[in-house]
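[1] take a look and give me a structure for this.
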Amino acid sequence: MGTESSSQDVAIGEAKARPHVLFLIDHLMALGGGETNLLKVVQLMPPELVRCSIATFRIKPEIRQSISVPVYVFPWKRFFHLDAWKAVIALRELIRTEKVDIVQTYFETSNLWGGLVAKLSGALLLSSRRDMGILRKARYALAYRLVNRLSDRVLAVSEEVKKFCIDADRIDPKKVSVIYNGVDFKQIGAENSDDNPFAGADWAGASHIISCLANIRRVKGIDILIRTAERVCRELPNAVFVIAGSLYERDYAEEVQAMIRSLGLEKNVKLLDFVGDPVPLLKMSDAFCLLSRSEGFCNALLEAMACGVPSVVTRVGGNPEAITDGENGFLVPVEDDAAAAEKLLTLLEHPERAAQIGQNGRTSVETRFSADVMIHKLIDVYRDLLAERDRKR
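    Down below sits the predicted model:
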């Protein structure tokens with residue numbers, strides 16, 4: 001009886017020591033970079049070390065069904081509305097009753113609104129910054145200045161984003177930690193080529209396949225990719241560019257489709273819409289190309305590198321932190337379709353060099369950008385925050 005009681009005491013002590021992290025995100029309606037990162041974190045976080053929960057304002061039922069941790073939904077549309085104040089009360093109650101230690105926020109509304117609620121509820125605030133401020137609304141500048149002061153730590157996805165936080169947002173460098181996105185190699189290794197859903201596609205037998213994983217948004221430079229495709233297909237008329245991503249911006253998507261028609265690229269450019277598992281597509285690709293106008297740190301690039309696919313990307317955001325030009329991929333200037341086409345043709349016309357660059361890229365991800373590295377660094381940040389809190393008590 002004494003032994004059983006002692007074991008229970010140890011278990012209770014371990015449970016109390018395990019921090020509760022609540023991930024607050026604006027929405028989980030489509031899986032972009034931030035959404036994918038959050039779901040990967042909660043899936044891979046060791047439950048014996050960290051207790052995870054998710055709170056959001058909107059979520060697709062099918063996404064909710066795939067999540068193994070508790071999910072709380074606080075639906076509201078406008079800040080100055082009764083629903084928003086109900087959400088404030090509900091979130092505050094959740095943080096207190098579930099003894100949330102850290103609230104980790106993703107995206108603008110969660111960073112600002114959620115950050116204030118978290119601090120007023122007694123939780124530590126870990127505010128995520130995943131881009132170079134390109135999507136930030138100017139009217140929220142004052143709110144960001146307040147939240148930046150209140151945040152216990154700001155989490156940047158790259159050194160370039162950290163620099164933006166320090167220079168543009170004037171955040172104390174000591175408060176900003178960099179944790180790169182991570183790739184789950186177990187998932188990539190588990191993919192069976194016999195189950196490739198794209199094997200029967202009309203473009204699967206193309207002479208060369210160039211893939212791009214990006215939602216159809218102007219910031220992703222899809223129009224520049226189309227112009228690049230036109231240049232490449234002059235030299236390799238049977239090459240196919242496959243773009244996998246949701247139609248985020250309808251007017252821009254129509255512009256892209258019109259450009260494809262006007263350049264006569266209907267057989268050479270395929271728009272797949274969102275692809276839940278891009279690994280089979282990447283594994284059948286000869287090259288990966290993403291010509292973003294701005295990036296924080298690109299998940300899609302890391303996935304391509306992890307699959308051994310040589311990549312051509314723009315020199316923006318954290319891309320130069322992943323790519324050493326000419327060694328494990330190629331970097332090109334923004335808006336430069338000629339340079340992008342030249343680098344793609346180098347890869348497509350020299351398969352041995354492409355294979356070596358692809359292998360170098362995979363090695364880079366294995367050593368610097370694996371999911372294991374990401375999770376370990378996150379846990380270290382959580383421990384640092386909790387230790388700082390305990391010292392102040």
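
[2] which helices and strands sit right next to the one helix or strand residue 388 maps to?
    Per DSSP states H and E: residue 388 is located in helix 371-392. Counting by 3 or more C-beta pairs under 8 Å, 6 or more residues apart in numbering; DSSP states H and E, the packing neighbours recorded for helix 371-392 are helix 33-44, strand 102-106, strand 124-129, strand 153-156. Any C-beta I mention is one placed from the backbone N, CA and C, and that applies to glycine too.

[3] out of those, which comes closest to residue 350?
    Each of the helices and strands packed on helix 371-392 has some distance to residue 350 by C-beta to C-beta; the shortest is helix 33-44, at 30.7 Å.

[4] report the backbone C-alpha coordinates of the helix holding residue 388 in CSV.
    This file holds the C-alpha atoms of helix 371-392, laid out as CSV (Å, rounded to 0.1, in the frame of the first residue of the first chain):
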residue,chain,number,x,y,z
ALA,A,371,11.6,18.4,-36.4
ASP,A,372,13.6,16.9,-33.5
VAL,A,373,15.8,20.0,-33.4
MET,A,374,12.8,22.3,-33.5
ILE,A,375,11.0,20.5,-30.7
HIS,A,376,14.1,20.4,-28.5
LYS,A,377,14.7,24.1,-28.9
LEU,A,378,11.0,24.9,-28.2
ILE,A,379,11.2,22.9,-25.0
ASP,A,380,14.3,24.8,-24.0
VAL,A,381,12.4,28.1,-24.5
TYR,A,382,9.5,26.9,-22.4
ARG,A,383,11.9,25.9,-19.6
ASP,A,384,13.7,29.2,-19.7
LEU,A,385,10.4,31.1,-19.5
LEU,A,386,9.2,29.1,-16.6
ALA,A,387,12.5,29.4,-14.8
GLU,A,388,12.4,33.2,-15.2
ARG,A,389,8.9,33.3,-13.8
ASP,A,390,9.9,31.2,-10.8
ARG,A,391,12.8,33.5,-10.1
LYS,A,392,10.5,36.5,-10.0
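
[5] quick one, it and strand 124-129 angle?
    Orientation of helix 371-392 against strand 124-129 (axes from the mean of the first three to the mean of the last three C-alpha atoms, to 10 degrees) gives an angle of 140 degrees.

[6] what lies in contact with helix 371-392?
    Residues from elsewhere that reach helix 371-392 (C-beta atoms under 8 Å, 6 or more residues apart in numbering): 19, 21, 40-41, 44-46, 49-50, 101-102, 124, 126, 152-153, 155, 177, 179-185.

[7] nearest residue to residue 147 in space, please, no chain neighbours.
    residue 115 (4.4 Å; C-beta to C-beta, 6 or more residues apart in numbering).

[8] how close does that neighbour get to residue 311?
    Distance of residue 115 to residue 311, computed by C-beta to C-beta, to the nearest Å: 35 Å.

[9] higher neighbour count, the two?
    A direct count of neighbours by other C-beta atoms under 10 Å for residue 115 and residue 311 places residue 311 higher, at 29 against 25.

[10] buried residues in stretch 200-217?
    201, 203, 206, 208-217 (16 or more other C-beta atoms under 10 Å).

[11] format these as TSV; extra columns: distance to residue 285.
    As requested, these are exported to TSV (distance: C-beta to C-beta, whole Å):
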residue	distance to residue 285
201	13
203	11
206	10
208	9
209	5
210	7
211	4
212	9
213	10
214	14
215	18
216	19
217	21
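
[12] which of those residues sits closest to residue 316?
    residue 214 (13.0 Å).

[13] output stretch 47-58 as PDB, nothing but the C-alphas.
    Presented in PDB, the C-alpha positions along stretch 47-58 are these (Å, rounded to 0.1, in the frame of the first residue of the first chain):
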ATOM      1  CA  PRO A  47       3.200  14.600 -23.900                       C
ATOM      2  CA  GLU A  48       5.200  13.500 -20.900                       C
ATOM      3  CA  LEU A  49       7.200  16.800 -21.000                       C
ATOM      4  CA  VAL A  50       4.600  19.300 -22.300                       C
ATOM      5  CA  ARG A  51       0.800  19.400 -22.100                       C
ATOM      6  CA  CYS A  52      -0.600  21.000 -25.300                       C
ATOM      7  CA  SER A  53      -3.900  22.600 -26.200                       C
ATOM      8  CA  ILE A  54      -5.100  24.600 -29.100                       C
ATOM      9  CA  ALA A  55      -7.500  27.600 -29.200                       C
ATOM     10  CA  THR A  56      -8.800  29.300 -32.300                       C
ATOM     11  CA  PHE A  57     -11.500  31.400 -33.700                       C
ATOM     12  CA  ARG A  58     -12.400  29.300 -36.700                       C
END
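
[14] walk me through the domains of the protein.
    The chain breaks down by automatic domain parsing into domains covering 11-182+372-392, 185-369.

[15] before we move on, the earlier item: buried among the contacts of helix 371-392? Make that a ChimeraX selection.
    When burial is assessed using 16+ other C-beta under 10 Å, the buried subset of the contacts of helix 371-392 is captured in ChimeraX by this command:
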select :19,21,40,41,44,45,50,101,102,124,126,152,153,155,177,179,180,181,182,183,184
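
[16] need the helices for the stretch 201-350 of the chain, in chain order.
    222-235, 250-262, 279-283, 299-306, 319-322, 337-349 (DSSP state H, counting those that start in this stretch).

[17] out of those helices, which is the most enclosed?
    helix 299-306 (a mean of 27; mean count of other C-beta atoms under 10 Å).
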